[in-house]
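Undergrad: I would like the atomic coordinates for the input below:
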Amino acid sequence: MLMRFCYLSDVMPEPMDYREEEKEVFGSEGVASEHKVWERLREIMLRIVVKRKMALDMEGLLLNTKLLVKSDYSYVASITLFVALLCACIVIGHLLEENRWMNESITALFFGLISGVVILLTTKGKSSRILVFSEDLFFIYLLPPIIFNAGFQVKKKQFFRNFLTIMMFGVAGTLISFTIISFGAIGLFSRLNIGSLDIGDYLAIGAIFSATDSVCTLQVLNQDETPFLYSLVFGEGVANDATSVVLFNAIQKFDLVHLDAVIVLQLVGNFFYLFFTSTILGAVAGLLSAYIIKKLYFGRHSTDREVSLMMLMAYLSYMIAQLLDLSSILTVFFCGIVMSHYTWHNVTESSRITTKHAFATLSFISEIFLFLYVGMDALDIEKWRFVSDSPLKQVSLSSLLVGLVLVGRAAFVFPLSFLSNLAKKSSTEKINFRQQVIIWWAGLMRGAVSIALAYNQFTRAGHTQLRSNAIMITSTITVVLFSTVVFGLLTKPLIRLLLPHPPKHLSSMSSDPLSPKSFLSRLLENGQGSEIEAAGDNIIGLPNLRMLLAKPYVSVHHHWRKFDDCFMRPVFGGRGFVPFVPGSPTERTCLAETSINE
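TA: Here you go, the predicted model:
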């Protein structure tokens, strides 16, 4: 009986002999109580199940080991290929440095597209990517060095001199663009029948396509030749990205299906709360790093500790902002500004050189990585199969988005420039029409921030199964590609057309140190104030010295310098602070001063 049961069961892969167990249960005459039979049967079945489970576990372990080895190999191969492509992008970008049309961002984008085509052919149309896009990869690893370096390398005098104008463009302008794109999408997308999108999706679209990418323009503009225009484009780009992300996060926190006045007020309040608390957190993190390095003299034993602490404190501020659901972009940007003003002057000379180049290098690699990946991701089959049956609808949607971006950008650049000019007395501080066109053009490109926000809104774990969501992802990629390639290729010729190269003596003036005599002679020259101011920050752009003596020029920057010198620098260090390092010229100077005093 037990033999027949085992043969009929599917538990074991092959029959097993249990005649000994039968004798034990039934005895020699084959007679046994029913209770004893079922008890023994239960034991045998339990033994069979245990053996089968062990066999399956062993088989699964071997299979998982093989898959793991294969997966590790594929992962390493993918990273190796991606790093090789990064190296190729840098080399080709260097060779095309003087090209009239190309820049490194467009070069990386083209490399990504070509690599995507090659991968599609080798995988027989299954995939175009060697790495899977992740918002975490973008927001946690790639974006922090880019934004921090932007704050760390910014020319603070120009930035804060134009701070109100930058905030007008970066905050108020982004809100205007967000409103136009959102309401334009609500009014126009319904005619295309792309699927079910709620009010939250439309507002998210406004935030996604309000995020600019002015990298192409900044690569063409010269910070020394056009400091005023560069500071406006640069500052507005950072403030714009931060505002767009803050808007996007605020939208996701509220249920916008039942929108009313209370929710709108909460949305506005949450926006300003995120904006100011994020800025304060970044400033506090920068001041804390300056105080620690100034008090503990890390360079006394090892400059590596100084550099490491600066990097980790900057990244810590970003992650704390992420943890507290604040704007990590604003936090790390202002942390970079404060660190460059205080912390950087508290470290040794070798650490200053190291940090400046290290932060710039990390930012450069991250930017090239992003453009390279965007090019690859543009050919992802999973998303494009949703729109394969309606290519005309896809083109129409992308064209509408580009049109809304153009209109939304123009709707605030020219009016806000007019308002800014009304508040400026000096003609050199006013934004002329050519500069307004460049500012408008610089914000037309869309980049990795838009793609990351679109993935966050319309996908789950990098995948999408809804047609409307897939259409929005592909439309975002199309707009990013079109704006980066077409507008990016036209950036160099446009800037050369609108901004002829300044005279060589002006650019050399900003780099060569001036003697006191030459400085006074230039300051006394009538009509040279504007040119001198445009040449660099080291010269005061006043018509003549008599005006300066008759009416001293007192600005907000003047009051800040007084406050900084009296209260901030004695505690946090900064310009003029020389770290004491044993065995260095600092020590010899201190010993000499001590002997003189004695």
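
Undergrad: Break down the stretch 351-500 of the chain into its helices, ranges please.
TA: Taking DSSP state H, counting those that start in this stretch as the criterion, the stretch 351-500 of the chain contains helices spanning 381-384, 391-423, 433-442, 448-458, 467-482, 488-498.

Undergrad: which residues touch Phe248?
TA: By CB atoms under 8 Å, 6 or more residues apart in numbering, the residues touching Phe248 are 204, 207-208, 453, 456-457. In this view, the C-beta of every residue, glycine as well, is placed from N, C-alpha and C.

Undergrad: mind checking which of the helices of the stretch 351-500 of the chain is nearest Val154?
TA: helix 433-442 (16.0 Å; CB to CB).

Undergrad: Name the residues that touch that closest one?
TA: 169, 212, 214, 217-218, 221, 228-229, 232-233, 236-237, 409-410, 413-414, 417, 431, 487, 491, 494-495, 498-499.

Undergrad: switch to 7 Å and redo it
TA: Residues from elsewhere that reach helix 433-442, judged by CB atoms under 7 Å, 6 or more residues apart in numbering: 214, 217, 229, 232-233, 409-410, 413-414, 417, 491, 494-495, 498-499.

Undergrad: That one vs helix 391-423, what angle?
TA: Relative orientation of helix 433-442 versus helix 391-423 (axes from the mean of the first three to the mean of the last three CA atoms, to 10 degrees): 140 degrees.

Undergrad: And stretch 483-493, end to end?
TA: 16 Å (CA to CA, to the nearest Å).

Undergrad: hang on, the earlier thing: compare the contacts of Phe248 and tell me which has the most neighbours.
TA: Top of these by neighbour number is Ile208, holding 29 neighbours under the definition other CB atoms under 10 Å.

Undergrad: Surely that residue is in contact with Leu453?
TA: Yes. With contact defined as CB atoms under 7 Å, Ile208 reaches Leu453; the gap is 4.6 Å.

Undergrad: Please identify the most buried of the helices of the stretch 351-500 of the chain.
TA: helix 448-458 (a mean of 24; mean count of other CB atoms under 10 Å).

Undergrad: Check which helices and strands that helix is in contact with.
TA: Counting contacts by 3 or more CB pairs under 7 Å, 6 or more residues apart in numbering; DSSP states H and E, helix 448-458 packs against helix 135-136, helix 199-208, helix 227-253, helix 349-377, helix 467-482.

Undergrad: the domain parsing of this structure - what is it?
TA: Domain assignment for the chain by automatic domain parsing gives 2-76, 96-501, 502-550.

Undergrad: To Ala84, which of those lies closest?
TA: Comparing the domains of the chain under CB to CB, the one sitting nearest is domain 96-501, at 10.0 Å.

Undergrad: Just give me the neighbour total for Phe178.
TA: For Phe178, using other CB under 10 Å, the count is 24.

Undergrad: And Asn249, by the same measure?
TA: Neighbours of Asn249 (other CB under 10 Å): 19.

Undergrad: ok, it - contacts?
TA: Leu274.

Undergrad: if I look at it, how far off is Ser190?
TA: For Asn249, the distance to Ser190 equals 26 Å [CB to CB, to the nearest Å].

Undergrad: Could you list the low-pLDDT ranges of the stretch 451-598 of the chain?
TA: For the stretch 451-598 of the chain, the stretches with pLDDT under 70 are 460-465, 501-557, 576-598.

Undergrad: if we go to 80?
TA: 459-468, 500-560, 575-598 (pLDDT under 80).

Undergrad: How about the stretch 201-350 of the chain?
TA: For the stretch 201-350 of the chain (pLDDT under 80), the answer is 214-225, 253-260, 263, 298-302.

Undergrad: Tell me which stretches of it form helices.
TA: 215-220, 227-253, 261-296, 303-323, 328-338, 344-346, 349-377.

Undergrad: Deepest in the core, which of the ones you listed is it.
TA: helix 328-338 (a mean of 28).

Undergrad: hmm, who's touching it?
TA: Residues contacting helix 328-338 (CB under 7 Å, 6+ apart): 144, 147-152, 154, 156, 238, 241-242, 245, 275, 278-279, 281-283, 285-287, 314, 317-318, 321-322.

Undergrad: and if you look at stretch 186-194?
TA: With CB under 7 Å, 6+ apart, stretch 186-194 has contacts from 197, 202, 393, 396-397, 400, 468, 471.

Undergrad: Return the distance of Met313 relative to Tyr342.
TA: 12 Å.

Undergrad: neighbours of Phe111, just the number please.
TA: Around Phe111 sit 21 other residues, with neighbours defined as other CB under 10 Å.

Undergrad: Quick check: the gap between Ile180 and Leu406.
TA: Relative to Leu406, and taking CB to CB, Ile180 is found at 10 Å.

Undergrad: swap in Ser417?
TA: From Ser417 to Leu406 the distance is 17 Å (CB to CB).

Undergrad: end to end, how far does stretch 314-331 reach?
TA: Termini of stretch 314-331 sit 9 Å apart (CA to CA).

Undergrad: swap in stretch 253-262?
TA: Note: stretch 253-262 ends 14 Å apart using CA to CA.

Undergrad: rewinding a little: with distance to His559 added, can I get the domains of the chain in a markdown table?
TA: Below are those laid out as a markdown table (distance: least, CB to CB, whole Å):
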| stretch | distance to His559 |
| --- | --- |
| domain 2-76 | 56 |
| domain 96-501 | 12 |
| domain 502-550 | 17 |
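
Undergrad: Of the ones you listed, which is nearest Gly574?
TA: Using CB to CB, the domains of the chain put domain 96-501 closest to Gly574, at 4.7 Å.

Undergrad: Could you find which two of the contacts of Phe248 are furthest from each other?
TA: For the contacts of Phe248, the farthest-apart pair by CB to CB is Ala207 and Asn456; their separation is 10.5 Å.

Undergrad: shared neighbours, these two?
TA: By CB under 7 Å, 6+ apart, no residue touches both Ala207 and Asn456.

Undergrad: So which of the contacts of Phe248 is the closest to Leu164?
TA: Ala207 (23.6 Å).

Undergrad: separation between the closest one and Ile181?
TA: 9 Å.

Undergrad: Phe110: which of the helices and strands packed on helix 448-458 is closest?
TA: Here helix 349-377 is closest among the helices and strands packed on helix 448-458 (CB to CB), at 6.7 Å.

Undergrad: could you say what helices and strands that closest one packs with?
TA: Against helix 349-377 (3+ CB pairs under 7 Å, 6+ apart) you get helix 34-95, helix 104-122, helix 143-153, helix 303-323, helix 448-458.

Undergrad: 6 Å instead, please
TA: helix 34-95, helix 104-122, helix 143-153, helix 303-323 (3 or more CB pairs under 6 Å, 6 or more residues apart in numbering; DSSP states H and E).

Undergrad: Pick the most buried one from the ones you listed.
TA: Of the helices and strands packed on helix 349-377, helix 143-153 is the most buried (mean count of other CB under 10 Å), at a mean of 24.

Undergrad: Please enumerate residues in contact with it?
TA: Here helix 143-153 makes contact (CB atoms under 6 Å, 6 or more residues apart in numbering) with 238, 314, 318, 329, 332-333, 336-337, 340, 359-360, 362-363, 366.

Undergrad: how much distance is there from that helix to the middle of the chain?
TA: How far helix 143-153 lies from its chain's middle: 9 Å, per CA atoms, centre = their mean, to the nearest Å.

Undergrad: quick check: angle from it to helix 227-253?
TA: Going by the same axes, to 10 degrees, helix 143-153 makes 150 degrees with helix 227-253.
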